[in-house]
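Engineer: Any chance you can model this:
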Amino acid sequence: MSREPVALERDERFGSRDRLLQREQFQDCYRKGQRLSRHFVNVHVRANDEGRARLGITASRKVGKAHVRQRTKRRLREIFRRWPERNGLPAVDIVLHVKPHAGAADFEALRRDVASALRLVRSGELKREGRSRRRRS
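Structural biologist: Below you'll find the predicted structure:
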């Protein structure tokens, strides 16, 4: 039985043009973007001029040891790459900041969580959730 390589559809490729690679890109999303909180991730979104949605993922040591952080990031990249409605996303930079308990989550739970966030991004129903800077008297 020969195993033929599976040809990926063009829209499922996830090259360097689809990723946030520089620290400044992540910082812009954090500082100037909109924020959405989900059970396993915080999502930061900011419009870009690239004509396509780009993804960046951050995971602190609170998520777990290096192999747990990397496995979680691989899963999130795969969820984004394979999401069937990805081509419908606007031209935005998306940063997924992994919450500590996401390292123990199974793939399906992560997929549901991220898919619900991506649907909100696609529909444009995000609101600016800037941190309030109230002065205490």
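Engineer: Please enumerate the helices of this structure.
Structural biologist: Applying DSSP state H to the chain gives helices spanning 23-32, 66-82, 107-123.
Engineer: quick one: the residue positioned nearest the centre of the chain from R38, how far?
Structural biologist: Compute the mean C-alpha point of the chain, and by C-alpha atoms, centre = their mean the closest residue is L96, 3.6 Å away. Distance, L96 to R38, using C-beta to C-beta, to the nearest Å: 9 Å. In short, each C-beta sits where N, CA and C put it, glycine included.
Engineer: Which neighbours do the two have in common?
Structural biologist: Common contact partners of L96 and R38 (C-beta atoms under 8 Å, 6 or more residues apart in numbering): V114.
Engineer: beta partners for the closest residue to T58 other than its chain neighbours?
Structural biologist: Distances taken as C-beta to C-beta, 6 or more residues apart in numbering put H97 closest to T58, at 5.0 Å, once the chain neighbours are dropped. Using DSSP bridges, the bridge partners assigned to H97 are N42, T58.
Engineer: how close does the residue nearest to P100 when sequence neighbours are not counted sit to H44?
Structural biologist: Spatial nearest neighbour of P100, chain neighbours left out: K62 (4.1 Å); criterion: C-beta to C-beta, 6+ apart. Counting by C-beta to C-beta, the gap from K62 to H44 is 17 Å.
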